[in-house]
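Trainee: Mind folding the following:
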Amino acid sequence: MLRFFIVFVLIQGVLFAAELLQPVQQYVVVPFTTVIAKLSAWLVHLFDDRVISYGVIIQNLDNQFAVSIQAGCNGVEASIVLIAAVLAFPAPWKHKLIGIVIGFLTVQTLNLLRIISLFYIGQWDKTAFEWAHLYIWQALIMLDVLIVFLVWLRYLPKPASRQTHAA
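Mentor: Numbering: from 1, shown residues only. Next up is the predicted model:
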C-alpha cells in the first residue's frame with residue numbers, strides 16, 4: 001500500500017508538472033479543451049440551436065450568457081488523478097490500458113454533463129452556478145474518479161498467489 005501511494009504521488013507530480021509546460025498547454029490542453037467546448041455545444045445544439053462555441057467558450061446567442069472552459073474544468077486534472085492511480089496499482093499492462101481508456105472516457109462523459117448543466121444553471125441563477133461549479137461538480141467529478149478506479153479494481157484478475165484452485 002505504501003508503494004502504491006508513493007508511486008501514485010510521483011506519477012501525479014510528473015503529469016501535473018508536464019501539464020503546466022507551455023508546449024503541452026499549447027499543443028495538447030488548449031486544443032483538447034477546444035474539442036470539449038465544441039462537443040458540449042454540439043450536444044446542446046441538438047435541442048437548442050441558439051448555442052455556439054468558439055475556442056474554449058460556449059455561448060447562448062439569445063441572452064449572450066457564456067461559459068469559458070478553463071484549467072480544472074476540462075477534465076484533464078481528474079483524468080490525471082485516475083491515470084496516476086491506475087498506473088501506480090500493480091496490475092497487468094493490458095488491464096491498465098483498458099482502465100485508462102474506459103476511465104478517461106467515463107470522466108470526460110461526466111465532465112460534458114457537468115459543462116452542459118453549468119451552462120444552463122448559469123443562465124438561471126448565478127449564485128446556484130457558483131455553488132454547483134465550485135462545490136457540487138468538483139466533488140462529483142472526483143467521486144467519479146474514485147468510483148471508476150474502484151470498479152476497475154473489481155474487474156482486475158486476482159493475483160496467482162491468491163487464486164484458489166479446485167481439486
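Trainee: can you give me how far the longest helix anywhere in the chain is from the chain middle?
Mentor: When the chain is parsed with DSSP state H, its longest helix is helix 93-124. Between the centre of helix 93-124 and the centre of its chain there are 5 Å (Cα atoms, centre = their mean, to the nearest Å).
Trainee: so what does it touch, helix or strand wise?
Mentor: Judged by 3 or more Cβ pairs under 8 Å, 6 or more residues apart in numbering; DSSP states H and E, the packing partners of helix 93-124 are helix 30-45, strand 57-60, strand 66-68, helix 76-88, helix 126-131, helix 137-154. The C-beta positions use only the backbone N, C-alpha and C, and glycine is treated the same way.
Trainee: Please point out which parts of stretch 63-75 sit buried.
Mentor: Neighbour counts using 16 or more other Cβ atoms under 10 Å place 65-67, 69, 73-75 of stretch 63-75 among the buried residues.
Trainee: and the two most separated of those residues?
Mentor: Of all pairs drawn from the buried residues of stretch 63-75, the widest gap by Cβ to Cβ lies between 65 and 75 and measures 21.7 Å.
Trainee: Check the gap between residue 83 and residue 15 for me.
Mentor: Between residue 83 and residue 15 the distance is 7 Å, computed by Cβ to Cβ, to the nearest Å.
Trainee: next one: residue 110
Mentor: Computed with Cβ to Cβ, the distance linking residue 110 and residue 15 is 20 Å.
Trainee: residue ranges with poor pLDDT in the protein?
Mentor: By pLDDT under 70, the low-scoring segments of the chain are 160-167.
Trainee: same thing but 80
Mentor: Low-confidence segments of the chain, defined by pLDDT under 80, are located at 159-167.
Trainee: For residue 51, give me its contacts.
Mentor: Shown in contact with residue 51 (Cβ atoms under 8 Å, 6 or more residues apart in numbering): 41, 44-45, 58-61, 119.
Trainee: Can you tell me the centre-most residue of the protein?
Mentor: Nearest to the geometric centre of the chain sits residue 75, at 3.1 Å (Cα atoms, centre = their mean).
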